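**Q** Below: sequence and its predicted model.
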Protein chains: 2
Amino acid sequence: MTALAAPKDDAFDSPFVKSLVSLIRAEDSFGAWERRSDARLLEDFIVTRAEKREMPMMADPDPDTVDRVEKFYKAVGLTIEKRCGLMASPMMKMSHEGFGRVVLLVGRLVAFSKSLRDVHRFGFEDFETLAAEGMKAVEQAVAVIERFPDVARA
Amino acid sequence: MTALAAPKDDAFDSPFVKSLVSLIRAEDSFGAWERRSDARLLEDFIVTRAEKREMPMMADPDPDTVDRVEKFYKAVGLTIEKRCGLMASPMMKMSHEGFGRVVLLVGRLVAFSKSLRDVHRFGFEDFETLAAEGMKAVEQAVAVIERFPDVARA
């Protein structure tokens, strides 16, 4: 990863980014990352346009990348849960060559559904974009939950 | 596989079993199984209680078994689609050691959801049980679709 511009505070104040950081820190059973900044923990989520251009798109995306996609949507789910008290479970299906689908299920409701493409290049231009995209998914899901509240509770 | 009792016709007349057979035959691009009976094509789905007892339950289930679980729920989805004209997409998540979850999504609706356990031992006592279990999942999903038709069409 290239050197990153100093992040503005507001990206790290986003409820989505806080959820994402907490998921990553929860995996740190031995405290090895305790002194690492949040920015450092999230740096692999930042992939600039120039870096994307250089990435090969052959075969299946590497497991670390797929793992980051899963973490992103787990953090979306966690933020939804904090917002409306209902558990949101992510499910992901990678079909081939970086194509797939991710959904967030809340009760009997598909609160969020997205086709994935180019998973090889998963990443965001900067922390602000990461925060904004995460919160966008949260807002979309919450709107669907508000539209079908009885299904989300079923 | 042990020798199987001659199947009764009614199992093979089940809409679910017909869907399952059609999915398997669709993979036979070169016609190698053209002369195989439906019973022969489905024989790996039959695992008797005695056979199950002998199966080790260590580590992750083998890919062929996971593939059969996926085919089973794809066939449930296909049968739902034939029944009510709405596409039902299966999504499966295997977590570890044969545990997981499978869902069937119809529009914005989780029409079917089941926790998976002991996937290592996935299989049915006989063709009648295979047909009955498949149709049971179809009926459950159709009942949920009838309860939330607007969500299934959303």
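**A** Here it is on my side, so go on.
**Q** Spit out the contact partners of the most centrally placed residue in chain A.
**A** Chain A has residue A:72 as the residue nearest its centroid, 1.5 Å off, counting by CA atoms, centre = their mean. Counting by CB atoms under 8 Å, 6 or more residues apart in numbering or on different chains, residue A:72 makes contact with A:20, A:45, A:122, A:134. Heads up, the C-betas are built off the backbone N, CA and C, glycines and all.
**Q** excluding its backbone neighbours, what's nearest the second one?
**A** When you say that, I think you mean residue A:45. With sequence-adjacent residues excluded and distances taken as CB to CB, 6 or more residues apart in numbering or on different chains, residue A:45 is closest to residue A:130, at 5.4 Å.
**Q** out of the contacts of residue A:72, which are inside strands?
**A** Of the contacts of residue A:72, none are assigned to strands by DSSP state E.
**Q** Looking at those, which is nearest residue A:53?
**A** residue A:122 (14.6 Å; CB to CB).
**Q** Any figure for the gap between that closest one and residue B:126?
**A** Per CB to CB, to the nearest Å, residue A:122 is found 46 Å from residue B:126.
**Q** And residue A:82, by the same measure?
**A** From residue A:82 to residue B:126 the distance is 49 Å (CB to CB).
**Q** still on that earlier bit, can you tell me which of the contacts of residue A:72 is nearest chain B?
**A** The shortest approach to chain B among the contacts of residue A:72 belongs to residue A:122, at 19.0 Å (CB to the nearest CB).
**Q** what about the closest one, how many residues close to it?
**A** 20 (other CB atoms under 10 Å in any protein chain shown).
**Q** I figured it was touching residue A:65, is that so?
**A** Yes - look at residue A:122 against residue A:65 with CB atoms under 8 Å: they come within range, at 5.5 Å.
**Q** Distance from the helix or strand hosting the residue nearest to residue A:45 to the middle of the chain?
**A** When elements are assigned from DSSP states H and E, residue A:130 belongs to helix A:127-147. Between the centre of helix A:127-147 and the centre of its chain there are 10 Å (CA atoms, centre = their mean, to the nearest Å).
**Q** ok, now stretch A:63-72?
**A** With CA atoms, centre = their mean, you get 8 Å for stretch A:63-72.
**Q** same thing with stretch A:31-44?
**A** That offset, for stretch A:31-44, works out to 16 Å (CA atoms, centre = their mean).
**Q** And that stretch, what's buried?
**A** A:38, A:41-44 (16 or more other CB atoms under 10 Å in any protein chain shown).
**Q** so which of these comes closest to chain B?
**A** Distances from chain B to the buried residues of stretch A:31-44, taken by CB to the nearest CB, are shortest for residue A:44, at 23.3 Å.
**Q** buried ones in stretch A:77-85?
**A** Under 16+ other CB under 10 Å, the buried positions of stretch A:77-85 are A:77-80, A:84.
**Q** Out of these, which is nearest to chain B?
**A** So of those, ranked by how close each gets to chain B (CB to the nearest CB), first place is residue A:77, at 13.2 Å.
**Q** So which residues on chain A come close to chain B?
**A** For chain A, the contact set with chain B under CB under 8 Å from any CB of the partner chain comprises A:91-93, A:101, A:103, A:105, A:107-110, A:113, A:144, A:148, A:151, A:154.
**Q** List the contacts of residue A:16.
**A** With the criterion set at CB under 8 Å, 6+ apart, residue A:16 makes contact with A:75-76, A:79, A:131, A:134-135, A:137-138.
**Q** what's the closest non-adjacent residue to it?
**A** residue A:134 (3.3 Å).
**Q** wait, doesn't the one you found sit right on residue A:20?
**A** Yes - with contact defined as CB under 8 Å, residue A:134 and residue A:20 form a contacting pair (6.9 Å).
**Q** between those two, what contacts are shared?
**A** With CB under 8 Å, 6+ apart as the test, residue A:134 and residue A:20 both reach A:72, A:75.
**Q** Check whether residue A:114 sits in a helix, strand or coil.
**A** The three-state assignment at residue A:114 reads strand, by DSSP: H, G, I helix; E, B strand; the rest coil.
**Q** How many residues are close by it?
**A** If we define neighbours as other CB under 10 Å, then residue A:114 has 14 of them.
**Q** how long is stretch A:42-58 end to end?
**A** 25 Å (CA to CA, to the nearest Å).
**Q** Would you mind pulling the contact partners of it?
**A** A:1-2, A:4, A:17, A:20-21, A:24, A:64, A:68, A:72, A:97-98, A:118, A:120-127, A:130.
**Q** Apply 10 Å and report the result again.
**A** A:1-5, A:7, A:11-12, A:17, A:20-21, A:24, A:36-37, A:39, A:61, A:64-65, A:67-69, A:71-72, A:97-98, A:118-127, A:129-131, A:133-134 (CB atoms under 10 Å, 6 or more residues apart in numbering or on different chains).
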